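Undergrad: okay, here's the prediction I keep looking at, along with the sequence it came from:
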Amino acid sequence: MRVSVIGCGHLGAPHAVAMAEIGHEVIGVESDPGRCEALGNGIAPFFEEGFEDLLVRHTASGRLRFTTDLREAADFADLHFIAVGTPLRADGHGYDMTQVIEAVRSLVPLLNRPATIVGRSTVMVGTVERLQKIIDADARVANVELVWNPEFLREGHAVRDSLLPDRIVAGLTSRQAREAVEEVYAPILDHGVGLILTDPPTAEVIKSAANAFLTTKISFINAIAEVCEYVGADVNMVAHAIGVDRRIGDGGMRPGIGAGPKDVTDFTHRVGELGARNAHGFLTAVDSINADRIPAAIRLIERAHGGPIDGRTIAFLGTAFKAGTSDVRDSPALRLAERLAERGATPVIYDPEAIAATRELHPEFGYADTAEQAITDADLVVLATEWPEFTADPELPATTADLVRHRVLVDVRNTVEPGPWLAAGWEVWQLGRRPQRP
Ligand SMILES: NC(=O)C1=CN([C@@H]2O[C@H](COP(=O)(O)OP(=O)(O)OC[C@H]3O[C@@H](n4cnc5c(N)ncnc54)[C@H](O)[C@@H]3O)[C@@H](O)[C@H]2O)C=CC1
Ligand SMILES: O=C(O)[C@H]1O[C@H](OP(=O)(O)OP(=O)(O)OC[C@H]2O[C@@H](n3ccc(=O)[nH]c3=O)[C@H](O)[C@@H]2O)[C@H](O)[C@@H](O)[C@@H]1O
């Protein structure tokens with residue numbers, strides 16, 4: 001099939017290579033000329049495991065190319081994926097839908113034969129209805145169909161999640177749309193992946209509800225971490241022990257500094273607008289627990305340090321919003337570094353993949369080329385992104401023990417196994433756990 005992917009960022013670019021990998025002819029449309037050129041030359045503009053290999057393979061095979069020209073895509077493809085961004089609005093009142101509206105508004109008048117538009121961006125509930133009105137008003141040909149097909153991929157696993165998702169959800173209203181979805185995903189469905197067909201509003205709610213549930217699980221265990229602090233209990237053990245119950249499950253229930261606020265904040269705002277009172281109250285609590293994790297981490301850091309941190313140098317390990325990505329958008333780790341700097345500390349940052357993106361936003365921070373260099377002469381160490389090279393390197397505690405001023409590790413992701421750190425003379429502080437001293 002000939003398909004286009006409009007918007008080639010963290011979602012769109014892996015989706016484009018996945019579509020080429022399963023045999024389609026793909027044109028990626030990317031309005032940022034630098035990003036478009038890099039992709040066309042087989043260079044990944046961000047770190048994502050396995051992505052660049054497939055990009056190189058399929059740009060070389062000719063099955064995948066990139067353009068900034070939407071008209072080229074309209075002429076070439078029969079199915080158009082919309083994967084442009086929906087950042088949170090600056091006032092926090094839901095997503096900024098401009099990119100999605102503009103992409104559809106620009107594409108529709110260019111279509112000169114029947115086509116299916118398949119939305120993949122995460123949108124505010126109610127958006128599909130707005131887009132359908134644009135199609136009804138602006139399409140020059142009959143049979144321009146709209147499908148809402150939310151994406152559930154996780155950054156760091158984008159290629160795998162694109163090729164072998166847990167499920168495919170498609171909200172649609174016509175036979176043409178259903179046949180297009182079944183054809184484009186046929187090789188994935190052949191691997192036993194389930195296709196859930198529904199109407200567009202249900203597809204929109206499925207996506208928002210899935211993200212809200214994932215954040216709820218994280219906020220739940222973080223609220224329990226707070227309880228553990230009051231009674232001297234151990235939240236990691238609580239998460240493990242309740243997660244053994246299969247109705248609960250321990251996936252996605254690691255305590256720490258919370259999830260990025262984007263999706264739950266949008267959905268909370270939207271259900272408030274709709275007047276869904278109970279949903280609004282519930283999600284507001286989830287959102288506010290999430291937001292309170294940064295102050296909780298700062299309190300822990302100050303307790304571990306034994307007082308205020310102004311004037312202190314903090315080795316800050318990790319600014320990516322999670323391990324496995326170079327993405328710092330909505331990163332709770334970066335937010336923590338910012339709050340520490342506001343309090344007069346100097347964070348010296350090391351991250352295996354996210355230094356360039358962090359430096360662009362904060363040239364004033366200190367930077368290091370290795371964890372060891374960041375730790376040298378620091379007053380304490382904060383581990384803010386759970387990269388295995390921080391959490392699973394058995395040598396790091398011993399090799400850095402004599403470099404740091406005070407052997408104090410504050411692990412705000414609760415992923416470090418304290419044993420090797422304690423053995424090397426470090427104190428280990430984690431959220432919702434008793435501090436451990438050598
Ligand atoms: N990043 C992720 O893991 C996931 C993202 N999503 C959703 O997917 C959407 C995209 O997210 P990301 O890829 O992370 O955003 P992104 O900001 O990395 O990528 C969006 C891309 O679209 C391009 N663009 C904007 N308007 C365009 C236009 N009219 N024509 C061509 N290109 C255009 C931008 O230049 C940018 O490169 C968002 O709605 C997000 O919520 C959903 C699931 C997972
Ligand atoms: O719609 C989206 O954008 C995507 O959002 C999340 O994926 P992602 O943002 O890549 O990351 P997660 O792995 O869910 O982590 C989100 C944040 O929560 C944190 N987290 C995650 C899991 C956990 O147990 N505890 C925890 O604090 C992570 O460190 C990270 O900061 C969802 O997992 C995807 O299904 C969804 O497609």
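TA: Good, I have the coordinates. Residues are numbered from 1 along each chain as shown. Ligands and ions are numbered 1, 2, ... in the order given.
Undergrad: now residue 422: closest residue in space, sequence neighbours ignored.
TA: residue 438 (4.8 Å; Cβ to Cβ, 6 or more residues apart in numbering). Where C-beta positions appear, they are placed from N, C-alpha and C, glycine not excepted.
Undergrad: mind listing what the one you found touches?
TA: Residue 438 is in contact with 407, 422, 423, 424, 425, 426, 427, counting by Cβ atoms under 8 Å, 6 or more residues apart in numbering.
Undergrad: ok, so of those, who is nearest residue 249?
TA: Ranked by distance to residue 249 (Cβ to Cβ), those are led by residue 422 at 30.3 Å.
Undergrad: find me the pLDDT at that closest one, would you?
TA: pLDDT recorded at residue 422 is 98.
Undergrad: repeat that for residue 94.
TA: So, for residue 94, pLDDT stands at 87.
Undergrad: go on, the one 5 residues further on?
TA: Here the pLDDT value assigned to residue 99 is 98.
Undergrad: hang on, isn't it packed against residue 83?
TA: No: counting by Cβ atoms under 8 Å, residue 99 sits too far from residue 83 to count as a contact (9.8 Å).
Undergrad: need the overlap of contacts for those two.
TA: 7, 121.
Undergrad: looking at the two, which has the bigger crowd around it?
TA: residue 83 (28 against 20; other Cβ atoms under 10 Å).
Undergrad: ok now do the closest residue to the more buried one other than its chain neighbours, which residues does it touch?
TA: Setting aside the residues directly before and after it, residue 83 is nearest to residue 12 in space (Cβ to Cβ, 6+ apart), at 3.2 Å. The contact partners of residue 12, taken as Cβ under 8 Å, 6+ apart, are 5, 6, 28, 30, 81, 83, 84, 120.
Undergrad: same thing with residue 341?
TA: 347, 362, 364, 365.
Undergrad: try 6 Å
TA: Shown in contact with residue 341 (Cβ atoms under 6 Å, 6 or more residues apart in numbering): residue 347.
Undergrad: adding pLDDT, write the contacts of residue 12 out as TSV.
TA: Listed next are the contacts of residue 12 as TSV, based on pLDDT from 0 to 100:
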residue	pLDDT
5	98
6	98
28	98
30	98
81	98
83	98
84	98
120	98
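Undergrad: show me which of these is closest to ligand 1.
TA: residue 84 (3.9 Å; Cβ to the nearest ligand atom).
Undergrad: returning to that earlier point: out of the contacts of residue 438, who's nearest residue 219?
TA: residue 427 (27.7 Å).
Undergrad: tell me the pLDDT of residue 261.
TA: Confidence for residue 261, expressed as pLDDT, is 66.
Undergrad: check residue 102 too.
TA: Reading off the model, residue 102 has pLDDT 98.
Undergrad: do you know how far it is from residue 76?
TA: In this view, residue 102 and residue 76 are 20 Å apart by Cβ to Cβ, to the nearest Å.
Undergrad: what does this structure put close to ligand 2?
TA: 122, 151-155, 211, 214, 218, 252-254, 256, 258-260, 263, 321-322, 332 (Cβ under 6 Å from any ligand atom).
Undergrad: strands - which of those residues land there?
TA: Among these, the subset assigned to strands under DSSP state E is empty.
Undergrad: pull the contacting residues for the closest residue in space to residue 354 that isn't next to it in sequence.
TA: In space, not counting the residues next to it along the chain, residue 354 is nearest to residue 320; the distance is 4.0 Å by Cβ to Cβ, 6+ apart. Taking Cβ under 6 Å, 6+ apart, we find residue 320 in contact with 351, 354, 385.
Undergrad: make a PyMOL selection of the buried ones in these.
TA: In PyMOL, a selection of the buried entries from these looks like this (16 or more other Cβ atoms under 10 Å):
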select buried, resi 351+354+385
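Undergrad: secondary structure, pLDDT and distance to residue 271 added to the contacts of residue 320, as CSV?
TA: Below are the contacts of residue 320 laid out as CSV (DSSP: H, G, I helix; E, B strand; the rest coil; pLDDT from 0 to 100; distance: Cβ to Cβ, whole Å):
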residue, secondary structure, pLDDT, distance to residue 271
351, coil, 98, 35
354, coil, 97, 32
385, coil, 98, 31
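Undergrad: any chance of the contacts of residue 320 in JSON lines, plus distance to residue 68?
TA: Compiled in JSON lines, the contacts of residue 320 are given as follows (distance: Cβ to Cβ, whole Å):
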{"residue": "351", "distance to residue 68": "30"}
{"residue": "354", "distance to residue 68": "27"}
{"residue": "385", "distance to residue 68": "33"}
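Undergrad: contacts only, for residue 262.
TA: Per Cβ under 6 Å, 6+ apart, neighbours of residue 262: 88, 330.
Undergrad: how about a cut-off of 8 Å?
TA: With Cβ under 8 Å, 6+ apart, residue 262 has these contacts: 87, 88, 95, 329, 330.
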